[in-house]
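Colleague: Give the three-dimensional model of this entry:
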Amino acid sequence: MAGGFRLKKLKRTFLFSAILSAALVISSVPISGLAHDDLGSDIIEKGQGAGYGKNDTLILEGKFRNLTEVAPEMKVIRADGKQNSFGDVYAHKGFAYIGTHTNNGGNGGVRVFDLKDPANPKEVAVFAHNDVPGTWQEKVIVKSVRTPYFKGDLAVVSVQQLNRNNPDSQGGFLLYDVTKPYNPKKLGFWKVTKKTNGTHELYLTVQGNRVLVLAANPYADYYSHGEEKDFQIVDVSNPVNPSTIWQFDPRTLEEIPDDFNGYHWNAPDGKTRPVFNHSTMVDDTGKFAYVSMWDLGTAIFDIRNPENPIYLGRTQYAPHQQGSAHSAALAKGGRILIETREVYNPSKAGYEQAYGYTRIFDIKDKTNPKLLSEFKTELVDDIEDGVTFANTVHDPKVVGKILFLSHYAGGVRAVDISNPANPVEIGKYVPIDSNVWGVFVERNYILASDIGTGLKVLYKKDAHDDNEDAEEPENDGDNDDNEN
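Modeller: Prediction:
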């Protein structure tokens, strides 16, 4: 890498100490959200609500004490002088890709940063920002792929409408060639029904020379009256011409009654629960998909034949628990499932008084996930401030035996899950007014995205950084994002 800066291969023990630090800080800029009054109070857009931490000082505890916040804030100002809010963060081959949220009318696209010098990330490109008017681009995933139609680094970007009544906007996802990160090139655009907001979260997976996107299109079933589904699998082997090959209809499950209307579910516990697809992910083998279906739980599919996936099983909840299955990650070679639950309303009648927390399952038998433990931070039971995103967990990432949680006001938490039945918090990074959206481990630095202030970089220099050859870190198959 340039400037004599060399990133070395990390030993597993070093990864554990370096892995936890990419949290974010929120600005006082208001974050716009999209209401879903016709769907009820269960639905709220990410970032809508207070979401501000109570911290007046930087907290570096446990494993985080050995980390340095070398790039504490990377705001991005558009050509018009305005700033977007920010979404998730991903990294690939020494470049960070950060999505943008809805502030100042969205259309912030994906910002690309060269991380040769982690203390001074250099923004080198922006893409997907001028393609579809009136939209925002929250989620981006990048992978190296090889198909009969395309060879290189492929990026998939979620596209969501700010206003479904805007005739010029359209939801779905964009595909870009980022083989040369300084010069991204648009390849294709997959469209979901105009009646829904678009594709919220998504996942890019490879099956040999075939490439698939698993798209989460919340309420597509509801808004299109069943014409399109919340969970769709799209073949993007030819990224110029993406093609939908399968959709999931929850009505096909025996436990879902025929009166299921694409959103409200008359659950066996007597409660009316919301069901929609919030997020998707796939294991490193490309064989099994884990789909966050809110109060239906995390649904597990065998997708080895992506035209005809097989539903295997799902996580379930006690009657007093809000489901709110938000995101998933895997550990121990895919034998352990991590489920985060984004409960933003801790005072909902008929349920426990608590924000969202993390659950850990044994899924050796994927048809029957078994709950091993639940992990809660000190924020979960702090409900005195009323409805806010501030205290709920958000996204999980796993590297080796360490679980990393982005936790809004709680910053980034590191949890030892070497014994999944007894998770133990071992580190905490909480910046001032924390509003951490996502976290990603890349070599010997930690990246995080903050809704208000964008990209954060935490770094620990290895003693051998001055050697010339940079190498990738060891990976035992448990890192769902250095693939996610």
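Colleague: could you pull out the strands for the stretch 1-150 of the chain?
Modeller: Ranges of strands in the stretch 1-150 of the chain, per DSSP state E, counting those that start in this stretch, are 59-62, 68-74, 86-92, 95-100, 110-114, 122-127, 135-136, 140-146.
Colleague: tell me the mean pLDDT over the fourth one?
Modeller: Averaging pLDDT along strand 95-100 yields 95.
Colleague: helices and strands around it, which ones?
Modeller: Counting contacts by 3 or more C-beta pairs under 8 Å, 6 or more residues apart in numbering; DSSP states H and E, strand 95-100 packs against strand 86-92, strand 110-114, strand 140-146, strand 151-161, strand 445-450, strand 454-459. In short, each C-beta sits where N, CA and C put it, glycine included.
Colleague: switch to 7 Å and redo it
Modeller: Strand 95-100 sits against strand 86-92, strand 110-114, strand 140-146, strand 454-459, with contacts defined as 3 or more C-beta pairs under 7 Å, 6 or more residues apart in numbering; DSSP states H and E.
Colleague: Out of those strands, which is closest to T377?
Modeller: strand 454-459 (19.2 Å; C-beta to C-beta).
Colleague: any idea of the angle the closest one forms with strand 122-127?
Modeller: For strand 454-459 against strand 122-127, the angle between stretch directions is 140 degrees (axes from the mean of the first three to the mean of the last three C-alpha atoms, to 10 degrees).
Colleague: how about the strands of the stretch 1-150 of the chain in TSV, adding mean neighbour count?
Modeller: What follows is the strands of the stretch 1-150 of the chain, written out as TSV (neighbours: other C-beta atoms under 10 Å):
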stretch	mean neighbour count
strand 59-62	17
strand 68-74	19
strand 86-92	26
strand 95-100	28
strand 110-114	25
strand 122-127	17
strand 135-136	30
strand 140-146	20
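Colleague: Of those strands, give the one that comes closest to Y408.
Modeller: strand 86-92 (13.0 Å).
Colleague: Mind listing residues that contact the closest one?
Modeller: 96-101, 138-142, 153, 437-438, 440, 442, 447-451, 454-455 (C-beta atoms under 7 Å, 6 or more residues apart in numbering).
Colleague: switch to 6 Å and redo it
Modeller: Residues outside strand 86-92 that contact it (C-beta atoms under 6 Å, 6 or more residues apart in numbering): 97-101, 138-142, 438, 440, 442, 447, 449, 451, 454.
Colleague: pLDDT of it, averaged?
Modeller: 94.
Colleague: what's the angle between that strand and strand 445-450?
Modeller: Using the same axes, to 10 degrees: strand 86-92 against strand 445-450 is 160 degrees.
Colleague: For strand 86-92, which strands pair with it and how are they oriented?
Modeller: Applying DSSP bridges, strand 86-92 is found paired with strand 95-100 (antiparallel).
Colleague: CA atoms only for the partner strand - export them in CSV, please.
Modeller: Provided in CSV are the C-alpha atoms of strand 95-100 (Å, rounded to 0.1, in the frame of the first residue of the first chain):
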residue,chain,number,x,y,z
PHE,A,95,-11.8,0.2,0.7
ALA,A,96,-14.7,1.2,2.9
TYR,A,97,-18.2,1.6,1.4
ILE,A,98,-20.7,3.5,3.4
GLY,A,99,-24.4,3.9,2.5
THR,A,100,-26.5,7.0,3.2
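Colleague: in stretch 264-284, what's buried?
Modeller: 264-265, 267, 271, 273-284 (16 or more other C-beta atoms under 10 Å).
Colleague: ends of stretch 401-413, how far apart?
Modeller: Using C-alpha to C-alpha, to the nearest Å, one end of stretch 401-413 lies 14 Å from the other.
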